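S.K.: Sharing a model that was predicted from the sequence below.
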Amino acid sequence: MEMTNYHVVKSTKSVGVGILLTLLLGPIGLFYSSVWGGIIMTFGPIIFIVIFFLGMSIESEIIQLMAGITIIIFWALWWLICIIWSAIAISNYNRRIISQSIHNIPYYPVRPTIESPSPLDRYNKQLASRETNLLSEDKLNDNVPKIQDWLKANPGKGINDYYMKFKK
C-alpha cells in the first residue's frame with residue numbers, strides 16, 4: 001500500500017489588516033481574525049442592551065444612571081476588546097500554522113525501502129560509477145587520439161562524432 005504525503009499550504013494572516021478591519025468595522029471586522037470571536041462580539045451586546053432597558057424601566061434614578069454609565073463604558077470597552085481579540089486571534093493562528101509546518105518536515109524525506117534506496121546509497125553508487133569511469137578512461141587504448149588532435153585532423157567533424165567513434 002503506497003502512502004502519499006500531502007502538503008497543505010495555508011497563508012498566514014496579517015495582524016495589521018485584522019486590527020484595521022476591527023477598528024473600522026468593530027465585531028464584523030473581527031470575523032477576519034476569528035469567526036467565533038465575531039459571532040460572540042456581534043451578538044453578545046444583546047445581553048447588555050436587555051440589561052440597559054431593564055435598568056431604564058425601573059423608576060429609581062440611581063439604577064437608571066448606573067445602567068446608562070454601564071452601557072457607555074461597555075460600548076467603549078467593547079470596541080477595544082474587539083481590537084485586542086483580533087490581534088491575539090491572528091497571532092495564535094499564525095503560530096499554529098507555523099507549528100504545523102514545522103511538524104510536517106519529518107514526513108518529507110525519502111524513507112529507504114527495497115524499491116527506493118536511501119539518498120546515501122544513491123550517492124555512493126554515483127561515486128562508484130564515477131571511479132569506474134575514471135579507471136576505464138585511464139585504461140583507454142593508446143590508439144585513441146586526444147580530442148584536440150582529432151578535431152584538427154577532421155575539420156568537418158564535431159565533438160559528438162569523436163565520442164561516437166571512440167568512447168563507446
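M.R.: Nice, I can see it.

S.K.: And the pLDDT at Ser91?
M.R.: Ser91 is assigned 93 on the pLDDT scale.

S.K.: How many neighbouring residues does it have?
M.R.: By the measure other Cβ atoms under 10 Å, the count of residues near Ser91 is 14. C-beta: built from backbone N, CA, C; applies to glycine.

S.K.: measure it to Phe48 for me?
M.R.: Between Ser91 and Phe48 the computed distance is 27 Å (Cβ to Cβ, to the nearest Å).

S.K.: So which residues of this protein form helices?
M.R.: 15-25, 35-43, 45-57, 61-104, 119-138, 147-153, 159-166 (DSSP state H).

S.K.: Now render these as a markdown table, adding distance to Val9.
M.R.: Shown next, in a markdown table, are the helices of the chain (distance: least, Cβ to Cβ, whole Å):
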| stretch | distance to Val9 |
| --- | --- |
| helix 15-25 | 19 |
| helix 35-43 | 21 |
| helix 45-57 | 37 |
| helix 61-104 | 9 |
| helix 119-138 | 25 |
| helix 147-153 | 49 |
| helix 159-166 | 44 |
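
S.K.: rank the ones you listed by pLDDT, which is bottom?
M.R.: Looking at the helices of the chain, the bottom one is helix 119-138 with a mean of 58.

S.K.: What are the structural domain limits within the chain?
M.R.: 15-107, 140-168 (automatic domain parsing).

S.K.: which of those domains is buried the deepest?
M.R.: Highest mean neighbour count among those (mean count of other Cβ atoms under 10 Å): domain 15-107, with a mean of 15.
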